[in-house]
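Chemist: this one's structure only:
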């Protein structure tokens, strides 16, 4: 069930240079129910389509921020019912893509977002449920909810209007971690039993190893 006013943002504008092909379009297995395991014989499509579906279950809209790969991602994005936003200068880095997505969130009249990276595997359903519950029940002193696994902070992060504005006030040369740490007293870290929140799919070796986790 979606949380009213919550928008999903998937950052997918990177060049995927270490992978050698667009990570957003990597084949990705379908989650096998609440256990979080994977049914390898039943592919869901791509890592991007799986991420859109995961966020769509909890967000009333999902935005995918693309760069020069915008044309290549259109079919997946629109086919999954998401919206596409293009970062006009993706060479400025990932934080500029985050700002592009957050500007669109505000333009659409929303004031909260669930943000993830396309090179992070979609987390388990129960993980998202816990994070959304923590975000919905937060008090006004909490600007963001961040998952934590074995001491590592991960994605997706859930941010309210105050943290959105903090990100948008920063220069495009900044990074989200700096701003998160500068406002650490406003962040609620939620421990989850899900290694997927802290893993990256950057190389072919990462891709092969992560598929076996579930």
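Modeler: Structure received. Not measured: the values here are computed from a predicted model.

Chemist: and the longest helix seen in the chain, average pLDDT?
Modeler: The longest helix of the chain (DSSP state H) is helix 94-107. For helix 94-107, mean pLDDT is 96.

Chemist: Which strands or helices does that helix pack on?
Modeler: Counting contacts by 3 or more CB pairs under 8 Å, 6 or more residues apart in numbering; DSSP states H and E, helix 94-107 packs against strand 6-11, strand 61-66, strand 83-86, strand 112-117, helix 161-169, helix 176-182. Any C-beta I mention is one placed from the backbone N, CA and C, and that applies to glycine too.

Chemist: who touches stretch 80-89?
Modeler: Residues from elsewhere that reach stretch 80-89 (CB atoms under 8 Å, 6 or more residues apart in numbering): 8, 10, 13, 48-49, 52-53, 56, 61-67, 70, 73-74, 77-78, 96-97, 100-101, 104.

Chemist: neighbours of residue 107, just the number please.
Modeler: Neighbour count of residue 107, defined by other CB atoms under 10 Å: 9.

Chemist: where's residue 162 relative to residue 116, distance?
Modeler: As defined by CB to CB, to the nearest Å, residue 162 lies at a distance of 20 Å from residue 116.

Chemist: Next secondary structure element downstream of the helix or strand of the chain with the lowest mean pLDDT?
Modeler: Between all helices and strands in the chain, the lowest mean by mean pLDDT, DSSP states H and E belongs to strand 38-46, at a mean of 54. The first helix or strand that comes after strand 38-46 along the chain, using DSSP states H and E, is helix 47-56.

Chemist: remind me which residues of the chain are low pLDDT?
Modeler: For the chain, the stretches with pLDDT under 70 are 1-4, 16-18, 20, 29-44, 211-214.

Chemist: ok, 80 please
Modeler: 1-4, 14-22, 29-44, 202, 209-214 (pLDDT under 80).

Chemist: What residues are bridge-paired with the residue most central in space within it?
Modeler: In the chain, the centroid-proximal residue (CA atoms, centre = their mean) is residue 116; its distance is 1.2 Å. As for beta bridges, residue 116 partners with residue 10 under DSSP bridges.

Chemist: My read is that it contacts residue 10, right?
Modeler: Yes: here residue 116 reaches residue 10: they are 5.8 Å apart, a contact under CB atoms under 8 Å.
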